[in-house]
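J.: I'll drop the sequence and a predicted model, then ask my questions.
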Amino acid sequence: MLAIETTSLTKRYREVVAVDELCLQAAPGDIYALVGLNGAGKTTLIRMLLGLITPTTGTARVLGAEVSAGDRAAWARTGYLIDTPAAYPELTVRENLHLVARLRRLPQPAARVDDVIDRLALTPYAERRARTLSMGNAQRLALAKALIHGPDLLILDEPINGLDPAGVVEIRTLLSELARENGTTVLLSSHLLAEVARLATRIAIIHQGRLLHEIDPRRLGGQVRRRLVVATRNDTRAAHALAGHGLTPEPGADAGLVLTDERALEHPEEIATALVEAGCPPTRLLVEEEDLEDFFLRLVGQADA
Amino acid sequence: MREALLAEVLKLRRSRLPWLTAAAFAIAAAVCGLFMFILQDTGRARALGLLGDKAQLSGATADWPGYLALLAQATAVGGLLILGTLTTWLFGREFSDRTVKDLLALPTSRSAIVAAKFVVAAGWSLLLALWTTVLGLLAGMLLELPGASTAVLAAGAARMVITALLTYALTTPFALVASAGRGYLPAVGAIFAALFSSQVVAALGYGASFPYSVPGLYAGLAGPGQDAPGPLGHLLVLTVGLTGGAATMAWWRRADHDR
């Protein structure tokens, strides 16, 4: 059984199509990341998965149950965080969590609260009112609310917003552990692509409400562009020499030459030899690979074009 | 429902609203007591100038039936404002504090959460009515008002409680306005609109068939010569209360929660 499955999920607001015929699937234990520009439809998708927004057409299934406002079958096993973290400002951290534990009808709520406070490193702030928390600790409290019941599925919209670098590492580790050890499925959206690339097992690029591309970060190398950047003392002469070897050098953005020929990428040492023989030895020879950010921007740019 | 109710009670208990609403009703009871104090002695009323004139204009008499009627009228008029604010806060704060999203995908249903808010509002409204009644009785005893009897005091207390419940019933549409308007402000506007129109319609003589005028008329706001609102008026109040509650519940269940 899939943890999340959407079929032609669409949300229209009059003329605006927020989510367009979106089909995606996340298996148990996946860390599935949604990346996209502002307004790409990520939050609308997340809200539809949680039954907060009714789709115009299409269906969403969460933990085997079809999502609708009236059907609560999946919610006992789902934890979520959407938009900015929010808590009742006049209640303490502990009281806010007690309230969630109560509404989630958890057995032994006090023990659950203690456990999640400890897990999210909120112990020093447990008796502080939520209104006095820093943004990072408010984010921790929101994550604690999502995790308190040990969910099988976590739906997190920008979960590391506001966290300091140590907090980012901590939450990344926590989410990886949950997925690996408990089989928890994590669906998250984030603008921090470097973090996504480190954490996610699958990445969906969403643009203008559509699923533009789905990638496995472990196989990102096979999908990203590579290029060989060459710098010499005489680029014009070097370009002639390389063209004579059947290659297609192009001027680089700043200086030097750029080669995208497969032969050059696979055997840069042959390029070095050719340049030495032509009397213009390389001062720099580097195979550059797109990272997720470049890859994302290129795909989005192509889609817009 | 029990979980939602306990959660709402905790939120209300931790807020300033119970104190503020209790203080507002205490002030209303104190002002009514002051009116009685002035009315007890016309010379003292004249010496107090404007306040004395206003006290005379209230049409009340300085005895237990007059005092309890005045308290019920204050509950009807001030109650719409205070109980309306209570209901508006219970719903509007979820949107202003952006906590509503955390209530929408839980094992506890949205209907249970909405119902719990209405129950808490009703319970606190009832306690406020009892609090005002107790304060009124104490003030009346301090003033040594004439005309006390078990029947008079029981009828006065019952009128207070019924007026408060009628007023509470009329606040359910404010919950819908606070929810659909996603915050306090639209609902506060609706409260003032209802309060204003209740006075105007009652002054025009159509109050018995305008729900927002009914609690005031029931409390005797139009004076001793005027008829109390009949079954139609009470039915209209009930209809507004139930429709407001059902519409709020339907909105929470079916609306797109996209903010």
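T.: That came in fine, so what should we check first?
J.: does the most centrally placed residue in chain B count as helix, strand or coil?
T.: For chain B, the residue nearest the mean C-alpha position is B:G79 (2.6 Å; C-alpha atoms, centre = their mean). With DSSP: H, G, I helix; E, B strand; the rest coil as the basis, B:G79 sits in helix.
J.: Check A:Y88 too.
T.: A:Y88 - assigned by three-state DSSP - is coil.
J.: contacting residues for it?
T.: Going by C-beta atoms under 8 Å, 6 or more residues apart in numbering or on different chains, A:Y88 touches A:E95, A:N96, A:L99, A:A130, B:K11, B:R14, B:D97, B:T99. The C-beta positions use only the backbone N, C-alpha and C, and glycine is treated the same way.
J.: what are the ranges of the helices in chain A?
T.: A:42-49, A:93-103, A:109-119, A:135-147, A:165-182, A:193-199, A:235-244, A:262-266, A:268-277, A:292-304 (DSSP state H).
J.: What is the neighbour count of A:L49?
T.: 27 (other C-beta atoms under 10 Å in any protein chain shown).
J.: Ignore what I typed, I meant A:L292.
T.: Residues lying near A:L292 (other C-beta under 10 Å) number 22.
J.: ditto for B:L6
T.: 15.
J.: And the residue of the stretch 151-259 of chain B that's closest to chain A?
T.: For the stretch 151-259 of chain B and chain A, the shortest gap (C-beta to the nearest C-beta) falls at B:H257, measuring 4.1 Å.
J.: Close to chain A: what parts of chain B are there?
T.: Counting by C-beta under 8 Å from any C-beta of the partner chain, the positions of chain B adjacent to chain A are B:3-4, B:6-7, B:10-11, B:14-15, B:97-99, B:101-110, B:113, B:253-254, B:256-258.
J.: Using PyMOL, define a selection of the buried residues within those residues.
T.: Written as a PyMOL command, the selection of buried residues from these, which uses 16 or more other C-beta atoms under 10 Å in any protein chain shown, is:
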select buried, chain B and resi 3+4+7+10+11+14+15+97+98+99+101+102+103+104+105+106+107+108+109+110+113+253+257
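J.: With respect to B:F91, which of the helices of chain A lies nearest?
T.: helix A:93-103 (16.5 Å; C-beta to C-beta).
J.: How is B:R182 assigned, secondary-structure-wise?
T.: Per three-state DSSP, B:R182 ends up coil.
J.: where does the stretch 1-150 of chain B have low pLDDT?
T.: B:42, B:45-46, B:48-60 (pLDDT under 70).
J.: Okay, helices next: where are they in it?
T.: Applying DSSP state H, counting those that start in this stretch to the stretch 1-150 of chain B gives helices spanning B:2-14, B:17-39, B:42-47, B:50-57, B:64-96, B:110-143, B:150-169.
J.: wait, which of those helices is closest to B:V201?
T.: Once the helices of the stretch 1-150 of chain B are compared by C-beta to C-beta, helix B:64-96 is nearest, at 13.3 Å.
J.: What residues does the nearest residue to B:A121 once chain neighbours are set aside make contact with?
T.: Leaving aside its sequence neighbours, B:A121 sits nearest to B:T87 (C-beta to C-beta, 6 or more residues apart in numbering or on different chains; 4.9 Å). Neighbour list for B:T87: B:K117, B:F118, B:A121, B:Y168, B:T171, B:T172, B:F174, B:A175, B:A178, B:A187 [criterion: C-beta under 8 Å, 6+ apart].
J.: picking that back up, name all residues that make contact with the residue nearest to the centre of chain B.
T.: B:S125, B:T163, B:A164, B:T167, B:Y168, B:P215.
J.: need the residues of the stretch 1-150 of chain A near chain B, please.
T.: Taking C-beta under 8 Å from any C-beta, the part of the stretch 1-150 of chain A that reaches chain B is made up of A:44, A:47, A:50-54, A:69-70, A:72, A:75-76, A:78, A:80, A:82-84, A:86-91, A:95, A:98-100, A:102-105, A:145.
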